[in-house]
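**Q** Quick one, what's the 3D model for this:
(one chain, ligands or ions: 1)
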Amino acid sequence: MSSRASEYETILTERKGRVGVVTLNRPKALNALNSQLMREVVAAVEAFDADGEIGAILLTGSERAFAAGADIKEMQPKTFAEVYAEDLFSQWDRLSSVRTPIVAAVSGYALGGGCELAMLCDFIIASDTAKFGQPEIKLGVIPGIGGSQRLTRAVGKAKAMDLCLTGRNMDAEEAERAGLVARIVPAAELLDVALEAATTIASMSLPIARMAKEAVNRSFETTLAEGVKFERRVFHSTFATADQKEGMAAFVEKRAPKFVNG
Ligand SMILES: CC(C)(O)CC(=O)SCCNC(=O)CCNC(=O)[C@H](O)C(C)(C)COP(=O)(O)OP(=O)(O)OC[C@H]1O[C@@H](n2cnc3c(N)ncnc32)[C@H](O)[C@@H]1OP(=O)(O)O
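**A** Model (predicted):
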């Protein structure tokens, strides 16, 4: 079953089985992230996250652009006092609190805020046409939605410095070699492959998938020893779920598991 919501103007939302799909939809501006689009993406992702029927979220753009960055025309007239007072772009931080796994399907440009938005997702599946970059320096600014931090964690200091200081783009192959991208697929197959990955995630136990996401993310926030301890405690807690009983029973009984998300 698939249904389109009508309350959004700059995005489309759709349910595909247990996957909530959010598609950026400002094609004339290459999906530049203006404030309305930011509000709508955050609201749509949070709504899917709160929906117990949704087990994974897929975020995508168009074939030409995932997103060509924050909307430069909207930002241009702003003063320091304004951006500081409104804490410009802090709303994007809410995506880091989303517990449902989010897959980014990236084709074409993912520049500046577009690259940062893809990195706010849990992993990126890219088409062979994807181009990633943090070109903010060419506009006289620096990344503002976490690019200098998440890109460095994903690809290491050398390449993050290269991209943030020269403003050059990297293609999908370089991004995959560097560890930013999980998989590359031909452009024509991107949505099918990304939806298949999201559907696979959504077929797992939702609480266990959320725990796995939380454990991986913890590795960015803490020491190795603390992270391993956290993982072990969460692993122990999976034994309190019906889905651990079902998953292991299904293996022993040589059948497919029927998870109840509990
Ligand atoms: C969030 C922060 C703080 O990290 C900051 C940022 O994200 S800053 C923005 C970073 N992104 C960029 O600097 C990329 C800007 N765009 C481009 O360089 C080019 O558009 C391109 C290389 C992606 C594509 O070039 P081309 O194929 O020649 O298409 P265009 O004619 O340039 O673009 C089509 C249309 O889209 C508008 N557009 C593109 N990007 C943006 C943007 N980031 N903000 C606002 N509008 C954008 C572009 O102006 C064109 O529209 P028209 O002027 O023709 O109406």
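
**Q** In space, what's closest to Lys73 - neighbours in sequence excluded?
**A** Of all residues not flanking Lys73 in the chain, Ala32 sits nearest, at 7.7 Å (C-beta to C-beta, 6 or more residues apart in numbering). In this view, the C-beta of every residue, glycine as well, is placed from N, C-alpha and C.

**Q** give me the low-pLDDT residue ranges for the chain?
**A** Applying pLDDT under 70 to the chain flags the ranges 1-6.

**Q** Near the ligand, which residues of it are found?
**A** Contact residues (C-beta under 6 Å from any ligand atom) of the chain with the ligand: 29-30, 32, 68-73, 89, 109, 111-113, 116, 135-136, 139, 141, 143-145, 147.

**Q** Quick check, the residue in the stretch 101-250 of the chain closest to the ligand?
**A** Of all residues in the stretch 101-250 of the chain, Gly112 sits closest to the ligand, at 2.5 Å by C-beta to the nearest ligand atom.

**Q** Quick one: residues contacting the residue nearest to that residue when sequence neighbours are not counted.
**A** The shortest distance from Gly112 to any non-neighbouring residue, by C-beta to C-beta, 6+ apart, is to Gly69 (3.0 Å). By C-beta atoms under 8 Å, 6 or more residues apart in numbering, the contact set of Gly69 is 32-33, 111-114, 135-136.

**Q** Contact partners for the closest residue in space to Ile137 that isn't next to it in sequence?
**A** Leaving out its chain neighbours, the residue that sits closest to Ile137 by C-beta to C-beta, 6+ apart is Gly167, at 4.8 Å. Taking C-beta under 8 Å, 6+ apart, we find Gly167 in contact with 133-138.

**Q** got the phi/psi numbers for Gly167?
**A** Main-chain dihedrals, Gly167, degrees, to the nearest 10: phi 70, psi 10.

**Q** Would you mark the buried spots in the one helix or strand Arg233 maps to?
**A** Per DSSP states H and E: Arg233 is located in helix 224-238. By neighbour count on 16 or more other C-beta atoms under 10 Å, the buried set for helix 224-238 is 227, 230-231, 234.

**Q** Look at Asp96 and say how many residues are nearby.
**A** Actually, residue 96 is Ser rather than Asp. 10 (other C-beta atoms under 10 Å).

**Q** these two touch, right, it and Leu120?
**A** Yes - Ser96 is within contact range of Leu120, at 6.5 Å (criterion: C-beta atoms under 8 Å).

**Q** show me the contacts for Glu63.
**A** Counting by C-beta under 8 Å, 6+ apart, Glu63 makes contact with 107-108, 127, 129, 187.

**Q** picking that back up, distance of the residue of the stretch 101-250 of the chain closest to the ligand relative to Ala187?
**A** From Gly112 over to Ala187 the distance is 21 Å, taken as C-beta to C-beta, to the nearest Å.

**Q** Look at these two and report which has more neighbours.
**A** Neighbours were counted for Gly112 and for Ala187 using other C-beta under 10 Å; Gly112 has more, 27 against 15.

**Q** any idea how far that one is from Lys131?
**A** To Lys131, Gly112 is 12 Å away according to C-beta to C-beta.

**Q** next one: Pro257
**A** Pro257 is 40 Å from Lys131, where distance means C-beta to C-beta.

**Q** Right, I'll call it a day here.
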